[in-house]
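My questions are about this predicted structure, shown below with the sequence.
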Amino acid sequence: MPRRDYLDWIVYQIYPRSFCDGNGDGIGDLNGITAKLDYLKMLGVNAVWLSPCYKSPNCDNGYDISDYRDIMDEFGTLDDWKRMISEMHARGIKLIMDFVANHTSSEHVWFKEARSSRENPFHDYYIWRDEIPNDWQSCFGGSAWEYNEETEEYYLHSFAVGQPDLNWENPKVREEMCAVVDYWVGMGVDGFRCDVLNFISKDFAKGKICDGDRLHEYVKELFGREEVKHVFTVGECSYGENEIADICGEDRKELTCIFQFDHFCIGKTEDKFVKADLNLNDLRKTLVKWQNICERKNLLYTLFTDNHDNAHYISRAGNDLQFRYECATAYCAMFYLLKGIPFIYQGQEWGTPDPHYPSITDFCDVETINYYDAHKDKLSEEELIGRINFGSRDNTRRPLCWTNDKNYGFSSAERTWSNLHTRGGEVNLEQDRESEKSVFAFYQKTLALRKESEAIRFGSFEDCTEKDGYFAYKRVCGGDEILVVVNFDGESEIAGLPEWEYLFGNGQKRSANGRYSPFETAVYRKRRKI
Ligand code: TEU
Ligand code: CA
């Protein structure tokens, strides 16, 4: 597929455990997804990124895979999966599966064999040392080395103890993982989101747990092959201006694109659980920077605000109480009318905010529990629970709130696998769609404009912002010109913009210049005969 065609894609991320429960056991599943495909079509998306649905003991909610070729019991069967992809394709919706290449579950047969003896043929599928060789830390806290009694040695786990890292220097591992890619491509999958792909190459001599010298070789071996080069790939491996083209430049035969996380890191402290302010003027500068880099280097940029690992953007970088509607719609216009491939996380399209819980027993994410245990003797319970509520990945993994009914329409069960959203009675899709101020309706308009306008999909980008406090930009292609104006959290007096036809917005504004209220946004257009 010519890379330009990916600019027609609008991707919706589904975290299957929390999306929709099709069989009333309190856990989201594949049949629940299939039941919602007409809804996704109505929203205007044409691709789904499905977080892992493979067999897993769920120490990291599916990112610990025990069988790459079969479906997790709680999510359904391979036949349910086949029905789901067939129904997706029947609606013109592509399927991007999550590809977890760096590690397996410790319950995977490969690891069970590997840990049983140093002579086992699978032993070298993983990374072992007689003694702890360095101070590498797991991303979920604590040492990245775990002792294994049977062989009296340590194995590496960059994430949870139940997620042993694969040894990609072993050609058998590379062969196995290429076969996993081929299996799902053979099943009709259109693309892969590649989990922490840059971790598959390590460099012990240089003390690097990721980004080792063989990374590009491995990625080419996975996705540069003739039989899969047509497949869409997006890497979870953020790179800066000087390296990004090395892994997703069109000539590289590696990835189609990556998630570039600079806009997630603004204001972030070393400790992701400590509240930090995300300055919206810095956000604007970061987005302008990456629009220009991707234009200059002919790269596909990914446009995203929310995902399953981070707080809701309107809670982290906005005002999800007094200006929830305005904020959710302002960020929709700001991000999804830029040049790139939109990624929308389940529930953000109706302005889902972060929930708030009083006790650690309300949380279950491994990263969150580890953080609580590591800090409970150092901080007051009040301070620690405040941090947990700010930084926990559970924030965006609570069962989705579809209606005002029982369990907010997520499930008919008596209990759901995770506590219900604490604001589900106030913020759910049913109420949103009945409201004058519907975030969902705004997303529909934005995605419809994206689909209709070549300026939005393929056009140039020009920053028209004159001062801090707002973001204004133009998208131009042929005779079609679109102007997007997004005010930030204060009142702004904006001047110097062209006065074009008003298309839509989230407030009373109808002319491009003049006074904008907090998070007020509006979109304008000029069509020239050419
Ligand atoms: O996340 C990798 C990653 O970067 C994590 O450190 C993430 O940034 C962190 O959890 C944020 O607090 C990927 C998946 O997206 C995540 O869900 C998995 O837990 C992780 O890999 C291991 O597979
Ligand atoms: Ca279920």
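Ah, there it is. Ligands and ions are numbered 1, 2, ... in the order given.

which SS state does the residue most central in space within the chain fall under?
By Cα atoms, centre = their mean, the chain has its centre lying nearest to Asn307, at 3.6 Å. Classification of Asn307 by DSSP: H, G, I helix; E, B strand; the rest coil places it in coil.

quick one: the strands in the stretch 251-400 of the chain?
Remark: strands assigned in the stretch 251-400 of the chain by DSSP state E, counting those that start in this stretch are 257-258, 302-304, 341-345.

can you tell which of the ones you listed is closest to Ile71?
Across these, Ile71 has its closest neighbour in strand 341-345 (22.1 Å, Cβ to Cβ). Every C-beta, even on glycine, is put in place using the N, C-alpha and C of the backbone.

now for that closest one, which elements pack on it?
strand 11-14, strand 302-304, helix 324-336, helix 439-452 (3 or more Cβ pairs under 8 Å, 6 or more residues apart in numbering; DSSP states H and E).

Just to check, the residue nearest to the centre of the chain is in contact with Arg393?
No: contact between Asn307 and Arg393 fails when scored by Cβ atoms under 8 Å: they sit 9.4 Å apart.

tell me the mean pLDDT over stretch 131-141?
Average pLDDT, stretch 131-141: 97.

hmm, I was thinking of stretch 270-282
Mean predicted confidence for stretch 270-282 is 92.

which residues touch Phe440?
For Phe440, the contact set (Cβ atoms under 8 Å, 6 or more residues apart in numbering) comprises 43, 349-350, 429, 432-433.

how about 7 Å then?
Phe440 makes contacts with 349-350, 429, 432-433, as judged by Cβ atoms under 7 Å, 6 or more residues apart in numbering.

for the chain, where's the lowest mean pLDDT among helices and strands?
helix 262-265 (a mean of 92; mean pLDDT, DSSP states H and E).

helices or strands up against that helix?
helix 280-297 (3 or more Cβ pairs under 7 Å, 6 or more residues apart in numbering; DSSP states H and E).

how far is the helix it packs on from where the chain is centred?
When C-alpha coordinates are averaged (Cα atoms, centre = their mean, to the nearest Å), helix 280-297 and its chain have centres 19 Å apart.

List the buried residues for it?
Buried residues in helix 280-297, defined by neighbour count with 16 or more other Cβ atoms under 10 Å: 280, 283-288, 290-291, 293-294.

what bridges to Tyr502?
Following DSSP bridges, Tyr502 is listed with bridge partners Tyr524.

please renumber so the chain begins at 4
Noted, 4 is the first residue going forward, which turns the last one into Tyr505.

number of nearby residues for the nearest residue to Glu155 once chain neighbours are set aside?
Closest residue to Glu155 apart from its sequence neighbours, by Cβ to Cβ, 6 or more residues apart in numbering: Asp133 at 7.8 Å. When neighbours are counted by other Cβ atoms under 10 Å, Asp133 registers 9.

Quick one, grab the pLDDT at Gly270.
85.

mind listing what it touches?
279-282.

If we use 6 Å, what do you get?
Contact analysis of Gly270 by Cβ atoms under 6 Å, 6 or more residues apart in numbering lists 279-281.

ditto for Phe474
287, 337, 468, 489.

How much space separates the third one from Arg287?
Using Cβ to Cβ, to the nearest Å, we find Thr468 at a distance of 6 Å from Arg287.

hmm, back to that, mind putting the strands of the stretch 254-403 of the chain into a markdown table with mean pLDDT?
Converted to a markdown table, the strands of the stretch 254-403 of the chain look like this (pLDDT from 0 to 100):
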| stretch | mean pLDDT |
| --- | --- |
| strand 260-261 | 98 |
| strand 305-307 | 98 |
| strand 344-348 | 98 |
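
who wins for proximity to ligand 2 among the ones you listed?
Nearest of these to ligand 2, taken as Cβ to the ion: strand 344-348 at 20.4 Å.

strand partners of that closest one, parallel vs antiparallel please.
Partners of strand 344-348, by DSSP bridges, with direction: strand 14-17 (parallel), strand 305-307 (parallel).

neighbouring contacts of the first one?
Right, the one you point to is strand 14-17. Against strand 14-17 from outside (Cβ under 6 Å, 6+ apart): 43, 48, 50-53, 346-349.

show me the contacts for the closest residue to Tyr57 other than its chain neighbours.
Excluding the flanking residues, the one nearest Tyr57 by Cβ to Cβ, 6+ apart is Ile68, at 4.7 Å. Shown in contact with Ile68 (Cβ under 6 Å, 6+ apart): 57, 59, 103, 107-108.

where along the stretch 54-203 of the chain do the helices fall?
81-93, 112-117, 174-189 (DSSP state H, counting those that start in this stretch).

Determine which stretch of those helices is the most buried.
helix 112-117 (a mean of 19; mean count of other Cβ atoms under 10 Å).

just the CA coordinates of that one, formatted as PDB?
Taking Å, rounded to 0.1, in the frame of the first residue of the first chain, the C-alpha atoms of helix 112-117 are listed here in PDB:
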ATOM      1  CA  VAL A 112       5.800 -23.400  27.200                       C
ATOM      2  CA  TRP A 113       9.100 -22.000  26.000                       C
ATOM      3  CA  PHE A 114       9.900 -20.500  29.400                       C
ATOM      4  CA  LYS A 115       8.600 -23.500  31.300                       C
ATOM      5  CA  GLU A 116      11.000 -25.700  29.300                       C
ATOM      6  CA  ALA A 117      13.800 -23.100  29.400                       C
END
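
For it, give me every contacting residue.
107, 123, 125-126, 128-129, 167.

since we're on whatever residue of the chain ends up closest to ligand 1, how many residues are nearby?
In the chain, the residue that lies nearest ligand 1 is Tyr66 (3.4 Å; Cβ to the nearest ligand atom). Counted with other Cβ under 10 Å, residues neighbouring Tyr66 total 25.

What backbone torsions are found at it?
phi -80, psi 10 (degrees, to the nearest 10).

which residues touch it?
55, 103.

Thr272: what's it in contact with?
Per Cβ under 6 Å, 6+ apart, neighbours of Thr272: Ala279.

Alongside ligand 1, which residues does the stretch 104-253 of the chain contribute?
Within the stretch 104-253 of the chain, the positions near ligand 1 by Cβ under 6 Å from any ligand atom are 142, 162, 198-199, 239.

okay if I get those as JSON lines plus neighbour count?
Compiled in JSON lines, those are given as follows (neighbours: other Cβ atoms under 10 Å):
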{"residue": "Cys142", "neighbour count": "15"}
{"residue": "Phe162", "neighbour count": "24"}
{"residue": "Asp198", "neighbour count": "21"}
{"residue": "Val199", "neighbour count": "19"}
{"residue": "Glu239", "neighbour count": "19"}
